[in-house]
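> for reference, the sequence and a predicted model appear below.
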Amino acid sequence: MPYESQVNSTSLMEEREPFQTRDNDQIVESNEARDNFSDRSEENQRSETHQASVDDSAVGNSYSLQNEEDFPEVKPVFQDTFMGHTSPISCSRFSASGDNIASSSIDGTVRIWTYDSSAPTSRNATIYCGAEVMSLEWECKSDRLLLIGTSDGGIKAWNVDAKRVVCDLTSTEAYPSILDLKCSPVEPIFVSAAASKRQGTGYVDNLGFASLTVWNMRTWKPVTVLPLGDDPPAITSLSFNHNGKLLAAAATDGMIHMFDMSAGLQVTGWPAHDSAISSILFGPDETSIFSLGTDGNIFEWNLQNQGKILWSRNCNRYCSPENSSRHQMALDANGRNLLVTSNLTRAPIYQVRGQMSGMRSLPHSGSITAVDWHPTLPIFLTGSSDHSVRVSSIK
């Protein structure tokens, strides 16, 4: 592969040691950790009190845990609402610098805009994709390119300076749904998570098998297909680590897969949820990874002790299993605040391993369907089924 020669194999082996595949005892530990959390969550849900002192065994300390309805509302120092869409928001992402925002709606429209009135508007644009937009991804090194994945197998590369599509790729007919796109933070490559379709009653039930393709962003050609085995369940979410050597992939069978990108091979994987996984994120210090299940469980997994849960929450008040929509989460630059989409009009912001339980976003008039954090500043966005995207700056 063109990018292999730029990877230092010695440093990769040093980094890979915590990720080695473990034996069956390790998988049992992962299942037990999940089961213990599930039991604890059910007890908390049965409690009639709104506030209780609980011992979080994953963190190892005791603190006051509030129910989400008691979370204080954020007090933004600045906010702006973008009303340029005419249908529910499907995705919304800050660019690499944070200066631009791309947002998409289910009618296949993508808008590029800025929330800062003093910023230039020369990159503002409207892109008509002809199919529902399922994923957006900015090039990591600049704000120049935006990748757009659609429900008909299309992957468009939009040059924001030239204001035109510079490449229009198509997935194979067998895998028409582009569920996620992720650019390497180092190499000129990106990975697409495509899925086949089947008849079902909800978002996950409609997804069939998975295909993970690595693409070269200079030639716009496929480089390789990452191995997932025979008839693999759909991959819903991808995340690169900081140097692009590891790729995490979350599946509808509750598995997390970890790939060595220099070899193009899976190095480990473990059963993280009893449900499908909606979203996955590397923690900012690269020693943990966050996963959000369709059952509303959020886990932070220790990557040096695979199967150990460092922190956990159950947000099924906001992400109910009965809801068929796809939920997303986003971490702030410090890894302290985790923002999650919501079936309700407000989004929860959980404080990760902190003394505070969390906060709630300002309300929309519809459910929260997209979330993201600014790459460096305490600024977040929430997209909604009410067709709007709100940007809020907090202290």
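Here it is on my side, so go on. Note that the coordinates shown come from a computational prediction; the quantities given were computed from them, not determined experimentally.
> CA only for contacts and neighbour counts going forward, please
Will do.
> now do the strands in the stretch 251-395 of the chain.
For the stretch 251-395 of the chain, the strands defined by DSSP state E, counting those that start in this stretch occupy 255-260, 265-271, 277-282, 288-293, 297-302, 309-314, 329-331, 337-340, 348-351, 358-360, 368-373, 379-384, 389-393.
> make TSV out of these and add mean pLDDT.
What follows is the strands of the stretch 251-395 of the chain, written out as TSV (pLDDT from 0 to 100):
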stretch	mean pLDDT
strand 255-260	96
strand 265-271	95
strand 277-282	96
strand 288-293	96
strand 297-302	95
strand 309-314	94
strand 329-331	97
strand 337-340	96
strand 348-351	95
strand 358-360	92
strand 368-373	97
strand 379-384	98
strand 389-393	97
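> just send those strands back as a markdown table, with distance to Thr213 too.
Shown next, in a markdown table, are the strands of the stretch 251-395 of the chain (distance: least, CA to CA, whole Å):
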| stretch | distance to Thr213 |
| --- | --- |
| strand 255-260 | 12 |
| strand 265-271 | 12 |
| strand 277-282 | 18 |
| strand 288-293 | 22 |
| strand 297-302 | 26 |
| strand 309-314 | 30 |
| strand 329-331 | 23 |
| strand 337-340 | 27 |
| strand 348-351 | 33 |
| strand 358-360 | 37 |
| strand 368-373 | 25 |
| strand 379-384 | 28 |
| strand 389-393 | 31 |
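> among these, which comes closest to Arg198?
Closest to Arg198 of those is strand 277-282 (CA to CA; 18.0 Å).
> for the closest one, the distance to its chain's centre please.
5 Å (CA atoms, centre = their mean, to the nearest Å).
> can you check stretch 292-311 too?
Distance of stretch 292-311 from its chain centroid, counting by CA atoms, centre = their mean, is 14 Å.
> stretch 136-143 now?
15 Å.
> tally up the residues packed near the closest residue to Glu132 other than its chain neighbours, please.
Closest residue to Glu132 apart from its sequence neighbours, by CA to CA, 6 or more residues apart in numbering: Gly108 at 4.4 Å. Neighbour count for Gly108, taken as other CA atoms under 10 Å: 19.
> one more: Ser384?
30.
> that one contacts Ile89, correct?
Yes: the criterion here is CA atoms under 8 Å, and Ser384 meets it with Ile89 at 5.5 Å.
> anything in contact with each of the two?
Common neighbours of Ser384 and Ile89 are listed as 369-370 (criterion: CA atoms under 8 Å, 6 or more residues apart in numbering).
> so the residue lying closest to Glu73 once chain neighbours are set aside versus Asn305, what's the distance?
Using CA to CA, 6+ apart and skipping the chain neighbours, the partner closest in space to Glu73 is Arg360 (4.7 Å). Distance, Arg360 to Asn305, by CA to CA, to the nearest Å: 32 Å.
> more neighbours: these two, which one.
Just comparing Arg360 and Asn305: by other CA under 10 Å the higher neighbour count belongs to Arg360, 20 against 15.
> quick check: bridge partners of that one?
Listed by DSSP bridges, the beta-bridge partners for Arg360 are Glu73, Pro348.
> give the contact list for it.
68, 71-74, 346-349.
> among those, which pair sits farthest apart?
Farthest pair in those, by CA to CA: Glu68 and Val74, 13.0 Å.
> which one of those two has more residues nearby?
Comparing Glu68 with Val74 by neighbour count (other CA under 10 Å), the higher total belongs to Glu68, at 20 against 16.
> all the strands of the stretch 101-250 of the chain, residue numbers only.
Going by DSSP E, counting those that start in this stretch, the stretch 101-250 of the chain shows strands at 101-105, 109-113, 125-128, 133-138, 145-150, 154-159, 164-170, 177-183, 189-197, 207-216, 221-226, 235-240, 246-251.
> wait, which of those strands is closest to Ala370?
strand 101-105 (9.0 Å).
> measure how buried Pro120 is and give me the count.
Neighbour number of Pro120 under other CA under 10 Å is 12.
> mind checking how far it is from Trp113?
10 Å.
> next one: Asn305
Taken as CA to CA, the span from Asn305 to Trp113 is 42 Å.
> likewise for Ile89?
For Ile89, the distance to Trp113 - CA to CA - is 14 Å.
> same check on Leu226?
According to CA to CA, Leu226 and Trp113 sit 34 Å apart.
> next one: Phe290
Taking CA to CA, one finds Phe290 at 29 Å from Trp113.
> repeat for Pro185
23 Å.
> okay, now the unreliable bits of this structure?
Applying pLDDT under 70 to the chain flags residues 1-69, 200-201, 320-325, 355-356.
> can we see that at 80?
1-70, 198-206, 320-325, 354-356 (pLDDT under 80).
> one step back: Gly153: which of the strands of the stretch 251-395 of the chain is closest?
Among the strands of the stretch 251-395 of the chain, strand 277-282 sits nearest to Gly153 (CA to CA), with 19.6 Å.
> could you check the angle that closest one makes with strand 246-251?
170 degrees (axes from the mean of the first three to the mean of the last three CA atoms, to 10 degrees).
> so what touches stretch 228-244?
By CA under 8 Å, 6+ apart, the residues outside stretch 228-244 that reach it are 179-187, 193-196, 207-212, 246-253, 261, 266, 277-282, 286.
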